[in-house]
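> what shape does this take:
(one chain, ligands or ions: 1)
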Amino acid sequence: MEAIDGLENDWSQIVDEEGNQIGTVGHHFKLSRAFNKEEMDHIKRDGTCIACHKEIPKASLAVSLLHHVAEYSGQLPKTTNQHFGLVNKIVLTSAWGQVLLALGGMLVGALVVGGFGYRKWKPKSQP
Ligand code: HEC
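Okay, here's the model as predicted:
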């Protein structure tokens, strides 16, 4: 097909199969257009659920244990809100876990280096 001069945006899909408009950046702006493929991929993020649910409920020992505890104590998420709370807790636990682990590693490193340094520097005790 012949290229159309000045048509810079990706117009490969403007509406979906049902005829609904795919998306727009807003009609107030001069550069308004439909989302292109890269942007759609960012928005959709296929696999978001699978990232967690390939392990949930049984694939990993720790996850399976927590699942059983949740199951028998009636804490499995039943509403979107409860699920939201869980996902939120997971991201915070993970982030703090990694930060604390890094800080702990640095502390151990400092103690080891400091300990060796002190041994070398320690004045010899007089006989
Ligand atoms: C950050 C991790 C995470 C992500 C992402 C996630 N979930 Fe979950 N989801 C969980 C956890 C944890 C539970 C509680 C599971 C358990 O103990 O069995 C859960 C439970 C559920 C349950 C209830 C299961 C049951 O046994 O009653 C459903 C349904 C569910 N998720 C759907 C989804 C969907 C749909 C998505 C994507 C839009 C999604 N989840 C994304 C972590 C996640």
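
> contacts and neighbour counts: CA atoms only from here.
Will do.

> setting aside sequence neighbours, what's the nearest residue to residue 9?
residue 33 (6.9 Å; CA to CA, 6 or more residues apart in numbering).

> and the one you found, how many neighbours does it have?
When neighbours are defined as other CA atoms under 10 Å, residue 33 has 17 of them.

> the ligand versus that one, what's the distance?
Between residue 33 and the ligand the distance is 27 Å, computed by CA to the nearest ligand atom, to the nearest Å.

> I'd guessed that residue sits against residue 12; true?
No. With contact defined as CA atoms under 8 Å, residue 33 does not count as touching residue 12 (11.3 Å).

> quick check: which element contains the residue minimising distance to the centre of the chain?
By CA atoms, centre = their mean, the chain has its centre lying nearest to residue 91, at 7.1 Å. Assigned by DSSP states H and E, residue 91 falls within helix 80-121.

> packing partners for that helix?
Applying 3 or more CA pairs under 8 Å, 6 or more residues apart in numbering; DSSP states H and E, one finds that helix 80-121 contacts no other helix or strand.

> and the protein, which residues reach the ligand?
48, 49, 52, 56, 57, 67, 70, 76, 77, 86, 87, 90 (CA under 6 Å from any ligand atom).

> could I get those residues as JSON lines with neighbour count?
Listed next are those as JSON lines, based on neighbours: other CA atoms under 10 Å:
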{"residue": "48", "neighbour count": "9"}
{"residue": "49", "neighbour count": "9"}
{"residue": "52", "neighbour count": "11"}
{"residue": "56", "neighbour count": "15"}
{"residue": "57", "neighbour count": "16"}
{"residue": "67", "neighbour count": "17"}
{"residue": "70", "neighbour count": "13"}
{"residue": "76", "neighbour count": "15"}
{"residue": "77", "neighbour count": "14"}
{"residue": "86", "neighbour count": "14"}
{"residue": "87", "neighbour count": "13"}
{"residue": "90", "neighbour count": "11"}
